[in-house]
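**Q** let's see this in three dimensions:
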Amino acid sequence: MENFNPDPKPGRLILPLVLVGMIATTYTFINRVTTNNNLEVINVDSNIEQVVPEEPLEETTTTSTTTTLPEGVVTYLEEIQAEKIQSIELGKKVLETNQRWDDKNTTYQEAQQEFEAFIEDAEQFVSTISEPGPPSSNASLLSNHEELKVLVNLIYEDSVELLEGLTAPDTGERRSSALNSFNSNLESLQQKIEEIIASSTSS
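**A** Just a heads-up that it's a prediction; the model follows:
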């Protein structure tokens, strides 16, 4: 008589035991390797986006210096700027009158009256330039202002010479020479005013 076997497949219980044993062995092996070699097991997720920290922007500091001019200096600079404009107008009038005379578009009497008026204008211009002048505490402006006074007096003398040239018995050489001197001194005056303003506002 055959013995009764309640489990027709006795080997089916062995496979799970083998798998459990393999897993336990693998876990123990990995822990031992990482412990002995001071290794760290890191789970890497390929979907994690690598973030690179942004470097902080360097702060840029801009420094600006503002120079405040004394009120007296500002007033003086405004005055000589206005005087420069006045000199341009004076030069324009002289050139136009002289050109009309050269072109015979004006009578001798009319030209004489206009040249006489230029002498009065130049005389007034001398007074305008001379006074009141810059603040007495500013030595640099005082020195430059003396140069303006010299130039404006030369312009006055040129205006007198223009009239003398108009009435001279020559063919216009004296008047032409006076006009060249007038234009040169007028230009020097304007350039000096520009220099004074530029040096005062940039320092």
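**Q** who does the lengthiest helix in the chain touch, helix- and strand-wise?
**A** For the chain, the helix with the greatest residue count under DSSP state H is helix 71-102. Under the contact definition 3 or more C-beta pairs under 8 Å, 6 or more residues apart in numbering; DSSP states H and E, helix 71-102 sits against helix 108-130, helix 139-167, helix 173-202. Where you see a C-beta, it was placed from the backbone N, CA and C, and this is true even at glycine.
**Q** export these to TSV and tack on distance to Gly72, mean neighbour count and mean pLDDT?
**A** Converted to TSV, the helices and strands packed on helix 71-102 look like this (distance: least, C-beta to C-beta, whole Å; neighbours: other C-beta atoms under 10 Å; pLDDT from 0 to 100):
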stretch	distance to Gly72	mean neighbour count	mean pLDDT
helix 108-130	17	16	94
helix 139-167	9	17	95
helix 173-202	11	16	94
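**Q** could you dump those helices to TSV with distance to Lys92?
**A** Formatted as TSV, the helices and strands packed on helix 71-102 follow (distance: least, C-beta to C-beta, whole Å):
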stretch	distance to Lys92
helix 108-130	12
helix 139-167	14
helix 173-202	10
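**Q** of all the ones you listed, which lies closest to Gln81?
**A** Using C-beta to C-beta as the measure, helix 173-202 is the one of the helices and strands packed on helix 71-102 that comes nearest Gln81, at 6.4 Å.
**Q** Lys149 and Phe118, how far apart?
**A** 19 Å (C-beta to C-beta, to the nearest Å).
**Q** good, we can wrap up now.
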